[in-house]
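A.B. asks: quick one, structure for this:
(chains A and B)
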Amino acid sequence: MPLATKATVKGLEPREVAELGYDMVLGNTYHLFLDPGHELIARFGGLHRFMGWDHPIVTDSGGFQVFSMGHGTVADEIKARPPAAATGGRERAGKVLAIEEDGVRFRSHLDGSEKLLRPETSMEVQAALGSDLALVFDECTPFHVDRDYTARSTQRTHRWLDRCLSWHAEHGPTDQLVYGIVQGGVHEDLRVESAQAVAASSSDGIAIGGSLGADKEEIYRVTGWATAVLGGRDELRPRHLLGIGEVDDLIAGVELGIDTFDCAMPTRLGRHGMALVPDPDHRWRVDLGAARWRDSREPIMEGCPCPACAAGHPRGYVRYLLKSRELTALRLLSIHNLAFLSRLMADLRHAIAAGTLAQTARALRSGAAPGEVPEVPATS
RNA sequence: UCCGGGGUAGCUCAAUUGGCAGACGCGUUCGGCUGUUAACCGAAAGGUUGUGGGUUCGAGUCCCACCCCCGGAG
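C.D. replies: Just a heads-up that it's a prediction; the model follows:
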(Lines give C-alpha, C1' and ligand atoms only; values in the text may rest on other atoms or scores of the structure.)
Protein backbone atom coordinates (compact mmCIF):
# COMPACT_ATOMS: atom_id res chain seq x y z
CA MET A 1 0.00 0.00 0.00
CA PRO A 2 1.21 3.49 -0.77
CA LEU A 3 1.72 5.97 2.05
CA ALA A 4 -0.76 8.75 2.51
CA THR A 5 0.94 9.98 5.64
CA LYS A 6 -0.63 13.42 5.62
CA ALA A 7 -3.98 12.41 4.11
CA THR A 8 -2.73 12.26 0.55
CA VAL A 9 -0.53 10.04 -1.53
CA LYS A 10 1.80 12.90 -2.34
CA GLY A 11 1.05 14.35 -5.72
CA LEU A 12 -1.73 11.96 -6.66
CA GLU A 13 -5.49 12.04 -6.51
CA PRO A 14 -7.32 9.16 -4.84
CA ARG A 15 -8.86 8.10 -8.13
CA GLU A 16 -5.40 7.73 -9.68
CA VAL A 17 -4.13 5.63 -6.79
CA ALA A 18 -7.14 3.31 -7.04
CA GLU A 19 -6.71 3.00 -10.81
CA LEU A 20 -3.14 1.86 -10.29
CA GLY A 21 -4.48 -1.20 -8.52
CA TYR A 22 -4.29 -0.23 -4.87
CA ASP A 23 -7.02 -1.06 -2.38
CA MET A 24 -5.47 0.49 0.70
CA VAL A 25 -3.39 3.45 1.72
CA LEU A 26 -1.67 4.19 5.00
CA GLY A 27 -2.22 7.44 6.90
CA ASN A 28 -0.44 8.55 10.03
CA THR A 29 -1.68 9.27 13.51
CA TYR A 30 1.25 11.46 14.49
CA HIS A 31 0.99 13.82 11.54
CA LEU A 32 -2.79 14.08 11.46
CA PHE A 33 -2.95 14.45 15.25
CA LEU A 34 -0.67 17.50 15.07
CA ASP A 35 -2.18 18.92 11.90
CA PRO A 36 -4.99 19.39 11.13
CA GLY A 37 -6.05 17.44 14.22
CA HIS A 38 -8.25 14.38 14.45
CA GLU A 39 -11.19 16.39 15.76
CA LEU A 40 -11.26 18.46 12.60
CA ILE A 41 -11.04 15.37 10.42
CA ALA A 42 -13.86 13.80 12.43
CA ARG A 43 -15.99 16.87 11.73
CA PHE A 44 -15.46 16.19 8.03
CA GLY A 45 -16.88 12.70 8.57
CA GLY A 46 -13.60 10.91 9.03
CA LEU A 47 -10.43 10.45 7.07
CA HIS A 48 -12.08 8.69 4.12
CA ARG A 49 -14.33 11.62 3.38
CA PHE A 50 -11.68 14.17 4.29
CA MET A 51 -9.25 12.85 1.71
CA GLY A 52 -11.79 11.50 -0.73
CA TRP A 53 -10.68 7.86 -0.53
CA ASP A 54 -13.55 5.38 -0.38
CA HIS A 55 -11.36 2.31 -0.03
CA PRO A 56 -9.76 0.89 3.10
CA ILE A 57 -7.33 2.99 5.14
CA VAL A 58 -4.70 1.79 7.56
CA THR A 59 -3.50 4.29 10.12
CA ASP A 60 -0.09 4.01 11.65
CA SER A 61 0.01 4.61 15.38
CA GLY A 62 2.76 7.23 15.59
CA GLY A 63 5.25 4.83 17.11
CA PHE A 64 7.57 5.08 14.14
CA GLN A 65 7.62 8.87 14.33
CA VAL A 66 9.01 8.67 17.83
CA PHE A 67 11.83 6.61 16.39
CA SER A 68 12.20 9.04 13.52
CA MET A 69 12.50 12.07 15.79
CA GLY A 70 15.28 10.40 17.70
CA HIS A 71 17.16 8.71 14.89
CA GLY A 72 16.25 10.32 11.59
CA THR A 73 15.87 7.78 8.84
CA VAL A 74 16.13 4.03 9.15
CA ALA A 75 19.24 4.06 6.96
CA ASP A 76 20.89 6.82 8.98
CA GLU A 77 20.27 4.98 12.19
CA ILE A 78 21.51 1.64 10.92
CA LYS A 79 24.61 3.28 9.47
CA ALA A 80 25.11 5.11 12.78
CA ARG A 81 24.90 8.52 11.16
CA PRO A 82 23.64 11.24 13.45
CA PRO A 83 20.12 12.46 12.63
CA ALA A 84 21.58 15.84 11.70
CA ALA A 85 23.32 14.24 8.72
CA ALA A 86 19.93 13.52 7.24
CA THR A 87 18.77 17.08 7.57
CA GLY A 88 21.79 18.84 6.20
CA GLY A 89 23.04 19.79 9.61
CA ARG A 90 19.88 21.63 10.51
CA GLU A 91 18.47 20.98 13.91
CA ARG A 92 15.49 18.69 13.78
CA ALA A 93 12.57 20.62 15.08
CA GLY A 94 10.79 17.67 16.62
CA LYS A 95 12.30 15.95 19.59
CA VAL A 96 11.55 13.02 21.82
CA LEU A 97 11.61 14.21 25.41
CA ALA A 98 11.00 10.92 27.16
CA ILE A 99 9.77 7.42 26.49
CA GLU A 100 7.96 6.35 29.63
CA GLU A 101 5.63 3.59 30.68
CA ASP A 102 2.62 5.83 30.23
CA GLY A 103 3.60 7.01 26.76
CA VAL A 104 5.94 9.25 24.83
CA ARG A 105 6.51 12.91 25.56
CA PHE A 106 7.78 14.80 22.55
CA ARG A 107 8.10 18.23 21.07
CA SER A 108 6.04 18.89 17.97
CA HIS A 109 8.12 19.48 14.87
CA LEU A 110 5.52 21.99 13.71
CA ASP A 111 5.31 24.47 16.57
CA GLY A 112 7.63 23.17 19.27
CA SER A 113 4.79 22.55 21.69
CA GLU A 114 5.14 19.66 24.11
CA LYS A 115 2.80 16.73 23.53
CA LEU A 116 2.09 13.39 25.11
CA LEU A 117 1.18 10.40 23.01
CA ARG A 118 -0.13 7.45 24.98
CA PRO A 119 -1.34 4.12 23.62
CA GLU A 120 -4.88 5.24 24.44
CA THR A 121 -4.34 8.58 22.73
CA SER A 122 -3.16 6.87 19.58
CA MET A 123 -6.18 4.60 19.51
CA GLU A 124 -8.50 7.51 20.24
CA VAL A 125 -7.02 9.49 17.35
CA GLN A 126 -7.28 6.51 15.03
CA ALA A 127 -10.87 5.96 16.11
CA ALA A 128 -11.67 9.58 15.32
CA LEU A 129 -9.96 9.25 11.96
CA GLY A 130 -12.19 6.26 11.31
CA SER A 131 -9.57 4.11 9.67
CA ASP A 132 -10.50 0.57 8.77
CA LEU A 133 -7.38 -0.79 10.33
CA ALA A 134 -5.54 0.70 13.25
CA LEU A 135 -2.03 -0.16 14.37
CA VAL A 136 -1.25 -0.42 18.05
CA PHE A 137 1.12 2.12 19.57
CA ASP A 138 4.58 0.63 19.78
CA GLU A 139 8.16 1.66 20.19
CA CYS A 140 10.04 1.09 16.98
CA THR A 141 13.23 -0.22 18.53
CA PRO A 142 16.38 1.13 16.90
CA PHE A 143 19.20 -1.04 15.62
CA HIS A 144 21.88 0.55 17.78
CA VAL A 145 20.58 -0.37 21.22
CA ASP A 146 21.70 -3.23 23.34
CA ARG A 147 19.80 -6.43 23.90
CA ASP A 148 18.73 -5.37 27.34
CA TYR A 149 17.11 -2.18 26.11
CA THR A 150 15.44 -4.06 23.26
CA ALA A 151 14.06 -6.61 25.71
CA ARG A 152 12.64 -3.95 28.02
CA SER A 153 11.30 -1.92 25.12
CA THR A 154 9.63 -4.95 23.59
CA GLN A 155 8.02 -5.83 26.92
CA ARG A 156 6.68 -2.31 27.18
CA THR A 157 5.36 -2.53 23.63
CA HIS A 158 3.49 -5.68 24.69
CA ARG A 159 1.94 -3.83 27.62
CA TRP A 160 1.02 -1.01 25.25
CA LEU A 161 -0.52 -3.65 22.96
CA ASP A 162 -2.81 -4.73 25.80
CA ARG A 163 -3.73 -1.14 26.61
CA CYS A 164 -4.51 -0.41 22.97
CA LEU A 165 -6.66 -3.50 22.59
CA SER A 166 -8.47 -2.75 25.87
CA TRP A 167 -9.18 0.83 24.88
CA HIS A 168 -10.37 -0.29 21.47
CA ALA A 169 -12.61 -3.02 22.86
CA GLU A 170 -14.32 -0.48 25.07
CA HIS A 171 -14.33 2.67 22.94
CA GLY A 172 -13.21 1.83 19.43
CA PRO A 173 -15.42 1.68 16.34
CA THR A 174 -16.81 -1.83 15.94
CA ASP A 175 -15.94 -1.85 12.27
CA GLN A 176 -12.30 -0.95 12.87
CA LEU A 177 -9.74 -3.74 13.00
CA VAL A 178 -6.54 -3.55 15.05
CA TYR A 179 -3.14 -4.98 14.26
CA GLY A 180 -0.62 -5.72 16.97
CA ILE A 181 3.04 -5.12 16.21
CA VAL A 182 5.89 -7.58 16.67
CA GLN A 183 9.13 -6.06 17.95
CA GLY A 184 12.18 -7.75 19.45
CA GLY A 185 14.97 -6.17 17.45
CA VAL A 186 17.44 -8.52 15.80
CA HIS A 187 17.39 -11.07 18.63
CA GLU A 188 15.74 -14.37 17.77
CA ASP A 189 14.38 -15.17 21.20
CA LEU A 190 12.92 -11.68 21.60
CA ARG A 191 11.37 -11.76 18.12
CA VAL A 192 9.84 -15.17 18.76
CA GLU A 193 8.57 -14.10 22.16
CA SER A 194 7.09 -10.95 20.66
CA ALA A 195 5.46 -12.79 17.78
CA GLN A 196 3.92 -15.21 20.27
CA ALA A 197 2.66 -12.35 22.41
CA VAL A 198 0.96 -10.65 19.48
CA ALA A 199 -0.38 -13.94 18.17
CA ALA A 200 -1.86 -14.70 21.58
CA SER A 201 -3.65 -11.37 21.68
CA SER A 202 -7.02 -10.54 20.20
CA SER A 203 -5.31 -8.53 17.50
CA ASP A 204 -7.04 -8.88 14.13
CA GLY A 205 -3.82 -8.97 12.19
CA ILE A 206 -0.13 -9.04 12.87
CA ALA A 207 2.36 -6.42 11.85
CA ILE A 208 6.11 -6.84 12.05
CA GLY A 209 8.07 -3.72 12.86
CA GLY A 210 11.28 -2.31 14.24
CA SER A 211 14.69 -1.90 12.72
CA LEU A 212 14.97 -5.31 11.13
CA GLY A 213 18.68 -5.44 10.54
CA ALA A 214 21.81 -3.94 9.06
CA ASP A 215 21.47 -5.54 5.65
CA LYS A 216 18.92 -7.38 3.57
CA GLU A 217 20.10 -10.78 4.63
CA GLU A 218 19.50 -9.89 8.27
CA ILE A 219 16.17 -8.24 7.49
CA TYR A 220 14.95 -11.46 5.88
CA ARG A 221 16.32 -13.62 8.68
CA VAL A 222 14.64 -11.52 11.37
CA THR A 223 11.38 -11.40 9.44
CA GLY A 224 11.54 -15.15 9.05
CA TRP A 225 11.80 -15.69 12.80
CA ALA A 226 8.53 -13.88 13.25
CA THR A 227 6.65 -15.42 10.35
CA ALA A 228 7.75 -18.89 11.39
CA VAL A 229 5.96 -18.41 14.69
CA LEU A 230 2.91 -17.06 12.89
CA GLY A 231 2.96 -19.74 10.25
CA GLY A 232 0.61 -22.31 11.74
CA ARG A 233 -2.23 -23.48 9.52
CA ASP A 234 -4.77 -22.24 12.03
CA GLU A 235 -3.25 -18.77 11.90
CA LEU A 236 -5.36 -17.03 9.29
CA ARG A 237 -4.76 -13.49 10.40
CA PRO A 238 -3.01 -11.32 7.82
CA ARG A 239 0.62 -10.45 8.33
CA HIS A 240 1.94 -7.05 7.49
CA LEU A 241 5.59 -6.07 7.18
CA LEU A 242 5.90 -2.47 8.25
CA GLY A 243 7.82 -0.02 6.13
CA ILE A 244 9.35 -2.48 3.73
CA GLY A 245 9.03 -1.98 0.05
CA GLU A 246 12.13 -2.25 -2.13
CA VAL A 247 11.55 -4.61 -5.02
CA ASP A 248 13.70 -7.49 -3.78
CA ASP A 249 12.38 -7.03 -0.25
CA LEU A 250 8.78 -7.42 -1.43
CA ILE A 251 9.64 -10.62 -3.26
CA ALA A 252 11.52 -11.99 -0.25
CA GLY A 253 8.77 -10.89 2.12
CA VAL A 254 6.09 -12.71 0.17
CA GLU A 255 8.21 -15.84 0.16
CA LEU A 256 8.46 -15.54 3.93
CA GLY A 257 4.69 -15.41 4.20
CA ILE A 258 4.00 -11.70 4.39
CA ASP A 259 0.63 -10.62 3.02
CA THR A 260 0.84 -6.84 2.90
CA PHE A 261 3.45 -4.09 2.88
CA ASP A 262 3.59 -0.34 3.08
CA CYS A 263 6.48 1.84 2.05
CA ALA A 264 7.44 5.41 1.26
CA MET A 265 9.91 4.19 -1.35
CA PRO A 266 7.92 4.16 -4.59
CA THR A 267 6.49 7.63 -4.18
CA ARG A 268 9.55 9.14 -2.54
CA LEU A 269 11.90 7.75 -5.17
CA GLY A 270 9.53 9.06 -7.80
CA ARG A 271 9.67 12.55 -6.33
CA HIS A 272 13.46 12.24 -6.24
CA GLY A 273 13.59 11.55 -9.96
CA MET A 274 14.01 7.78 -9.83
CA ALA A 275 11.96 5.34 -11.87
CA LEU A 276 11.59 1.68 -11.00
CA VAL A 277 12.69 -0.57 -13.85
CA PRO A 278 13.34 -4.33 -14.10
CA ASP A 279 17.09 -3.97 -13.54
CA PRO A 280 18.36 -5.94 -10.54
CA ASP A 281 21.94 -4.81 -11.18
CA HIS A 282 20.96 -1.23 -10.40
CA ARG A 283 18.61 -1.93 -7.53
CA TRP A 284 15.63 -1.71 -9.91
CA ARG A 285 16.19 2.03 -10.28
CA VAL A 286 17.14 4.52 -12.94
CA ASP A 287 17.79 8.19 -12.29
CA LEU A 288 15.86 10.04 -14.96
CA GLY A 289 17.30 13.38 -13.87
CA ALA A 290 20.69 12.43 -15.32
CA ALA A 291 21.89 14.47 -18.27
CA ARG A 292 22.42 11.36 -20.37
CA TRP A 293 18.67 11.19 -20.96
CA ARG A 294 18.57 14.69 -22.43
CA ASP A 295 17.94 13.43 -25.95
CA SER A 296 16.47 10.06 -25.07
CA ARG A 297 13.24 9.09 -26.81
CA GLU A 298 13.21 5.89 -24.77
CA PRO A 299 10.10 5.47 -22.61
CA ILE A 300 10.41 5.51 -18.82
CA MET A 301 10.27 1.72 -19.04
CA GLU A 302 10.04 -0.26 -22.24
CA GLY A 303 6.73 -2.06 -22.55
CA CYS A 304 5.30 -0.62 -19.35
CA PRO A 305 1.50 -0.30 -19.48
CA CYS A 306 1.27 2.34 -16.74
CA PRO A 307 -0.47 5.62 -17.58
CA ALA A 308 2.79 7.58 -17.59
CA CYS A 309 4.49 5.21 -20.01
CA ALA A 310 1.38 4.52 -22.07
CA ALA A 311 1.08 8.25 -22.67
CA GLY A 312 4.37 7.92 -24.53
CA HIS A 313 6.38 10.38 -22.46
CA PRO A 314 10.02 9.84 -23.40
CA ARG A 315 12.84 9.98 -20.85
CA GLY A 316 14.10 13.18 -22.48
CA TYR A 317 10.81 14.86 -21.61
CA VAL A 318 10.72 13.52 -18.04
CA ARG A 319 14.31 14.65 -17.49
CA TYR A 320 13.47 18.10 -18.78
CA LEU A 321 10.46 18.30 -16.45
CA LEU A 322 12.58 17.20 -13.50
CA LYS A 323 15.27 19.77 -14.22
CA SER A 324 12.76 22.54 -14.69
CA ARG A 325 11.14 21.50 -11.43
CA GLU A 326 7.77 20.83 -12.94
CA LEU A 327 5.41 18.92 -10.69
CA THR A 328 4.27 16.78 -13.59
CA ALA A 329 7.57 14.88 -13.49
CA LEU A 330 7.04 13.91 -9.86
CA ARG A 331 3.52 12.79 -10.64
CA LEU A 332 4.55 10.76 -13.67
CA LEU A 333 7.27 8.93 -11.73
CA SER A 334 5.06 8.39 -8.68
CA ILE A 335 2.42 6.90 -10.95
CA HIS A 336 4.94 4.73 -12.78
CA ASN A 337 6.57 3.45 -9.59
CA LEU A 338 3.27 2.62 -7.92
CA ALA A 339 2.07 0.86 -11.07
CA PHE A 340 5.33 -1.10 -11.21
CA LEU A 341 4.92 -2.39 -7.66
CA SER A 342 1.22 -3.01 -8.17
CA ARG A 343 2.00 -5.35 -11.06
CA LEU A 344 4.82 -6.95 -9.07
CA MET A 345 2.45 -7.82 -6.26
CA ALA A 346 -0.19 -9.04 -8.71
CA ASP A 347 2.40 -11.39 -10.23
CA LEU A 348 3.22 -12.74 -6.79
CA ARG A 349 -0.43 -13.23 -5.89
CA HIS A 350 -1.11 -15.08 -9.11
CA ALA A 351 1.97 -17.20 -8.61
CA ILE A 352 0.81 -18.21 -5.14
CA ALA A 353 -2.57 -19.20 -6.53
CA ALA A 354 -0.91 -21.13 -9.34
CA GLY A 355 1.62 -22.77 -7.05
CA THR A 356 4.54 -21.20 -8.91
CA LEU A 357 5.82 -18.69 -6.41
CA ALA A 358 9.41 -19.92 -6.46
CA GLN A 359 9.64 -19.68 -10.25
CA THR A 360 7.99 -16.27 -10.40
CA ALA A 361 10.18 -14.95 -7.61
CA ARG A 362 13.25 -16.20 -9.43
CA ALA A 363 12.14 -14.60 -12.69
CA LEU A 364 11.39 -11.26 -11.06
CA ARG A 365 14.66 -11.29 -9.16
CA SER A 366 16.57 -11.87 -12.36
CA GLY A 367 14.97 -8.92 -14.08
CA ALA A 368 11.66 -10.06 -15.55
CA ALA A 369 9.28 -7.15 -16.02
CA PRO A 370 6.36 -7.26 -13.58
CA GLY A 371 3.22 -8.10 -15.51
CA GLU A 372 5.21 -10.00 -18.11
CA VAL A 373 6.48 -12.91 -16.08
CA PRO A 374 6.11 -15.96 -18.31
CA GLU A 375 3.62 -18.56 -17.18
CA VAL A 376 5.44 -21.44 -15.60
CA PRO A 377 3.83 -24.77 -14.80
CA ALA A 378 3.91 -25.72 -11.16
CA THR A 379 6.68 -28.13 -10.34
CA SER A 380 5.32 -29.26 -7.04
C1' U B 1 33.17 57.67 -33.76
C1' C B 2 33.04 59.41 -28.62
C1' C B 3 31.71 58.68 -23.28
C1' G B 4 30.59 55.25 -19.39
C1' G B 5 30.16 50.23 -17.43
C1' G B 6 31.78 45.25 -17.93
C1' G B 7 34.60 40.38 -19.55
C1' U B 8 36.96 35.46 -13.29
C1' A B 9 34.30 27.62 -12.68
C1' G B 10 29.21 25.33 -17.87
C1' C B 11 25.71 29.68 -15.95
C1' U B 12 24.88 33.88 -12.30
C1' C B 13 28.60 36.64 -9.32
C1' A B 14 32.69 37.72 -5.16
C1' A B 15 37.93 38.67 -4.18
C1' U B 16 40.54 44.57 1.49
C1' U B 17 46.26 49.28 0.29
C1' G B 18 48.74 44.67 -5.51
C1' G B 19 49.74 39.18 -1.30
C1' C B 20 47.55 31.31 -1.42
C1' A B 21 41.22 32.63 -7.05
C1' G B 22 36.36 31.96 -3.73
C1' A B 23 31.02 31.63 -2.53
C1' C B 24 25.67 30.88 -3.02
C1' G B 25 22.31 29.04 -6.23
C1' C B 26 21.73 26.47 -10.79
C1' G B 27 24.05 22.88 -13.95
C1' U B 28 27.39 18.30 -14.22
C1' U B 29 29.05 13.58 -11.93
C1' C B 30 28.69 10.25 -7.89
C1' G B 31 26.39 8.54 -3.43
C1' G B 32 22.01 8.14 -0.33
C1' C B 33 16.56 7.55 0.55
C1' U B 34 12.49 1.10 3.41
C1' G B 35 5.55 2.01 9.38
C1' U B 36 7.69 10.04 4.69
C1' U B 37 9.50 16.05 9.70
C1' A B 38 11.87 14.34 2.67
C1' A B 39 9.24 17.82 -4.99
C1' C B 40 14.76 15.79 -0.21
C1' C B 41 19.95 15.07 1.76
C1' G B 42 25.35 14.47 1.24
C1' A B 43 29.98 14.57 -1.56
C1' A B 44 33.06 15.67 -5.60
C1' A B 45 34.78 17.59 -10.02
C1' G B 46 35.27 21.95 -12.40
C1' G B 47 40.12 27.97 -13.75
C1' U B 48 46.26 29.79 -18.60
C1' U B 49 40.86 35.51 -14.46
C1' G B 50 38.90 38.02 -22.96
C1' U B 51 44.01 38.47 -25.90
C1' G B 52 49.09 40.36 -26.20
C1' G B 53 52.68 43.22 -23.85
C1' G B 54 54.61 46.13 -19.55
C1' U B 55 55.62 47.64 -14.18
C1' U B 56 56.62 44.65 -9.68
C1' C B 57 59.71 40.02 -5.32
C1' G B 58 54.51 39.22 -6.52
C1' A B 59 49.02 41.38 -11.06
C1' G B 60 42.05 39.23 -11.28
C1' U B 61 43.63 44.07 -9.19
C1' C B 62 48.19 49.09 -11.76
C1' C B 63 49.88 50.85 -17.10
C1' C B 64 49.60 50.32 -22.78
C1' A B 65 47.40 48.16 -27.11
C1' C B 66 43.78 45.12 -29.12
C1' C B 67 39.14 41.94 -29.15
C1' C B 68 34.14 41.21 -27.47
C1' C B 69 29.39 42.51 -24.58
C1' C B 70 25.89 46.24 -22.43
C1' G B 71 24.13 51.30 -21.91
C1' G B 72 24.27 56.42 -23.45
C1' A B 73 25.58 60.34 -26.96
C1' G B 74 26.24 61.52 -32.01
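A.B. asks: identify the residue nearest the residue of the stretch 201-350 of chain A found nearest RNA strand B in space, chain neighbours excluded?
C.D. replies: Per C-beta to the nearest atom of the strand, A:Gly243 is where the stretch 201-350 of chain A lies closest to RNA strand B, at 2.3 Å. For the C-beta atoms, the positions are set from N, CA and C on the backbone; glycine is no exception. Leaving aside its sequence neighbours, A:Gly243 sits nearest to A:Cys263 (C-beta to C-beta, 6 or more residues apart in numbering; 6.1 Å).
A.B. asks: separation between that neighbour and A:Gln359?
C.D. replies: 25 Å (C-beta to C-beta, to the nearest Å).
A.B. asks: comparing these two, which residue is more hemmed in?
C.D. replies: When A:Cys263 and A:Gln359 are compared for neighbours, A:Cys263 comes out ahead with 21 against 18, by other C-beta atoms under 10 Å.
A.B. asks: any idea what the more buried one is bridged to?
C.D. replies: When bridges are called by DSSP bridges, A:Cys263 pairs up with A:Pro2.
A.B. asks: helices along the stretch 51-200 of chain A, start to end?
C.D. replies: A:63-71, A:74-78, A:83-86, A:119-129, A:147-171, A:188-200 (DSSP state H, counting those that start in this stretch).
A.B. asks: kindly reformat the ones you listed as JSON lines containing mean neighbour count, distance to A:Ala368 and mean pLDDT.
C.D. replies: Converted to JSON lines, these look like this (neighbours: other C-beta atoms under 10 Å; distance: least, C-beta to C-beta, whole Å; pLDDT from 0 to 100):
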{"stretch": "helix A:63-71", "mean neighbour count": "22", "distance to A:Ala368": "32", "mean pLDDT": "88"}
{"stretch": "helix A:74-78", "mean neighbour count": "17", "distance to A:Ala368": "27", "mean pLDDT": "89"}
{"stretch": "helix A:83-86", "mean neighbour count": "15", "distance to A:Ala368": "34", "mean pLDDT": "54"}
{"stretch": "helix A:119-129", "mean neighbour count": "24", "distance to A:Ala368": "39", "mean pLDDT": "98"}
{"stretch": "helix A:147-171", "mean neighbour count": "18", "distance to A:Ala368": "38", "mean pLDDT": "97"}
{"stretch": "helix A:188-200", "mean neighbour count": "20", "distance to A:Ala368": "32", "mean pLDDT": "97"}
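A.B. asks: out of those, nearest to A:Asp287?
C.D. replies: Relative to A:Asp287, the nearest member of the helices of the stretch 51-200 of chain A by C-beta to C-beta is helix A:74-78, separated by 17.6 Å.
A.B. asks: which elements pack onto that closest one?
C.D. replies: Counting contacts by 3 or more C-beta pairs under 8 Å, 6 or more residues apart in numbering; DSSP states H and E, helix A:74-78 is packed against helix A:83-86.
A.B. asks: one step back: would JSON lines of the helices of the stretch 51-200 of chain A with distance to RNA strand B be doable?
C.D. replies: Formatted as JSON lines, the helices of the stretch 51-200 of chain A follow (distance: least, C-beta to the nearest atom of the strand, whole Å):
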{"stretch": "helix A:63-71", "distance to RNA strand B": "4"}
{"stretch": "helix A:74-78", "distance to RNA strand B": "3"}
{"stretch": "helix A:83-86", "distance to RNA strand B": "5"}
{"stretch": "helix A:119-129", "distance to RNA strand B": "9"}
{"stretch": "helix A:147-171", "distance to RNA strand B": "9"}
{"stretch": "helix A:188-200", "distance to RNA strand B": "12"}
